[in-house]
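In: need coordinates for the following:
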Amino acid sequence: MIKSEDKDMNSEKLIKDKLANLAREYQTKIDAEIKVIEEKRQSQPTGSGFFDKLKATGNAALEKGQTELVKRNYPNVSIVPDIPDQLLLNAAKQFEQELDSKLMIGMIDTSLLRNGTKGYFFTGEKIYVVDSDGKKIIEMVAITDAIMSEIDLNQGKEDAEPNFQPAVRVTLKNDDEVILRTVPLEPVFNILKSLNAVSLVFEESDQRVKQENLSDLGKVCFIKVAINYLMADDGLIDSDEYASLISLISMFILNKEQLDELRDYRLNNAQIQNTKLLLIKLMKEVPTGSREAISLNLLDSLLSLRKESVENWKEDQALNEIKDCLKISNEKVAFLVNSLKNEIRIERERLSDDKVAEIVSSTLATGSAIGIPFAALAATGAITGFGGASGGLFALAFASTGRHDRWYYRDWCRQFWCIQGD
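Out: Got it, this is the predicted structure:
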């Protein structure tokens, strides 16, 4: 392990940042090319006759094909946790026992079907490559240099004309050399150079820990932070806050001892622990690669506890202290707030599926631009809210697996708060 000059900088974070920038760059180019195709179609004259309609149908099919072709011209750049499980498994299968899908940070998928079977696959310590030359594994700590070059594919062949092709030559500490020929070469080269030029901590960690996967201690700390937050203003939890806290509790599976501990914690102010210490304990229970997602889960949960006053989050001292401890930017908190406001709007105005789809699409685009890991938030039900009233397309769009049905909710009320009757 290489000693880092910046304790917050490690190989996982560096690679995630590089891949996120590359994904945004490609998406910008794709959007620009698709816009040109759409503008060309819109500029064509239209009519109401049979042949006009037939031509319009043909043009629409052609535009769809052109749009898909534009997307295929660029590799699929993905970052966990926003990579479908099947793609992670497909990538891992290429290397049998060598690659653990849970450790994968991201991929540059160059396979024809974009199914994760060919390209560059990154963990915090290694780069796994599948290309036309076969399979390669590059240990990052062993990289001493990387250069853009050309290789003669016909070298050594008698009477053959030179056939030069761009390539990246990677030199390792044992003087071995790995040659990469699969596009996109320049972005891969830039990643390799950054790994060689910057002093980093090279480490691998589980990238896919979600809220429901927290350890027993992690779950208890998560909920205690929420209790602290609700009591920070006046030392009490009112009836509305009380109902929201029950909904948060229902997201976890806890045993009787944990329920008893949390009930006593809520009722006995003398037991209240320092929030910063609880956050430290919580983060120690989370692998490095999953800490940002869990931090966003927590902040989203806290915002949801006080939906009605979410507009005033900047004046919420307790929330901002937690945000600062977790090192989450104001930009990301603002996004969570906006997402929650959209959810409230969907619930209250009973928007149509088309309008919901429009909101979801806009939300996804905005979040992607600032690096929000949607899969981690959605898998806990955080984006869709605890009450589940929004339901429908908004919930489905984020693949919520949170359990919100009435009977489950009431059962948790009884277990945790000992409420009597129906």
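In: please count neighbours and contacts with C-alpha atoms only from this point.
Out: Noted.
In: okay, now the unreliable bits of the protein?
Out: Low-confidence segments of the chain, defined by pLDDT under 70: 1-8, 45-61, 197-198, 368-369, 371, 373-422.
In: farthest from the middle of it: give me that residue.
Out: Within the chain, D159 marks the point farthest from the mean C-alpha position, 52.3 Å out by Cα atoms, centre = their mean.
In: name the element that one belongs to?
Out: D159 is part of no helix or strand when elements are defined by DSSP states H and E.
In: what sits against it?
Out: Neighbour list for D159: empty [criterion: Cα atoms under 8 Å, 6 or more residues apart in numbering].
In: surely R266 meets V225?
Out: No: with contact defined as Cα atoms under 8 Å, R266 does not count as touching V225 (10.9 Å).
In: which one's more surrounded, those two?
Out: V225 (23 against 18; other Cα atoms under 10 Å).
In: how much space between the nearest residue to that one once chain neighbours are set aside and L19?
Out: Excluding the flanking residues, the one nearest V225 by Cα to Cα, 6 or more residues apart in numbering is T275, at 6.0 Å. Note on T275: its distance to L19, by Cα to Cα, to the nearest Å, is 34 Å.
In: name the helices or strands packed onto the helix or strand hosting R266?
Out: In this assignment (DSSP H and E), R266 forms part of helix 256-267. Counting contacts by 3 or more Cα pairs under 8 Å, 6 or more residues apart in numbering; DSSP states H and E, helix 256-267 packs against helix 216-231, helix 406-417.
In: how far does it sit from its chain's centre?
Out: Remark: helix 256-267 is offset 32 Å from the chain centroid, using Cα atoms, centre = their mean, to the nearest Å.
In: helices of the stretch 301-422 of the chain, start to end?
Out: 317-326, 330-349, 353-369, 374-379, 392-397, 406-417 (DSSP state H, counting those that start in this stretch).
In: contacting residues around the first one?
Out: Contact with helix 317-326 is made by 229, 232-233, 275-276, 279, 295, 299, 302, 313-314, 329, as judged by Cα under 8 Å, 6+ apart.
In: can you say which of those are buried?
Out: Restricting the contacts of helix 317-326 to buried positions leaves 229, 232, 275, 279, 295, 299, 302, 313, with burial counted as 16 or more other Cα atoms under 10 Å.
In: and which of these is nearest to S111?
Out: S295 (33.5 Å; Cα to Cα).
In: tell me the contacts of that closest one?
Out: Counted by Cα under 8 Å, 6+ apart, S295 has contacts 326, 328.
In: what helix or strand is it located in?
Out: helix 291-305.
In: can you give me the buried ones in that helix?
Out: 291-305.
In: what do you get for stretch 155-168?
Out: 166-168.
In: what's the end-to-end length of that stretch?
Out: Start and end residues of stretch 155-168 are separated by 17 Å (Cα to Cα).
In: next one: that stretch to chain centre, how far?
Out: With Cα atoms, centre = their mean as the basis, the mean position of stretch 155-168 lies at 42 Å from the chain mean.
In: for the helix or strand following the helix holding R266, packing partners?
Out: Where DSSP H and E defines the elements, the next helix or strand beyond helix 256-267 is helix 275-284. Where contact means 3+ Cα pairs under 8 Å, 6+ apart, helix 275-284 is packed against helix 216-231, helix 317-326.
In: so for V129, which of those sits nearest?
Out: Here helix 317-326 is closest among these (Cα to Cα), at 34.1 Å.
In: count the residues that sit near I191.
Out: Residues contacting I191 under the criterion other Cα under 10 Å number 16.
In: just confirm it contacts K16, I think it does.
Out: No: the criterion here is Cα under 8 Å, and I191 misses it with K16 at 10.3 Å.
In: okay, now N90: neighbour count?
Out: With other Cα under 10 Å as criterion, N90 counts 16.
In: cool, the one 4 residues further on as well?
Out: The tally of other residues near Q94 (other Cα under 10 Å) stands at 17.
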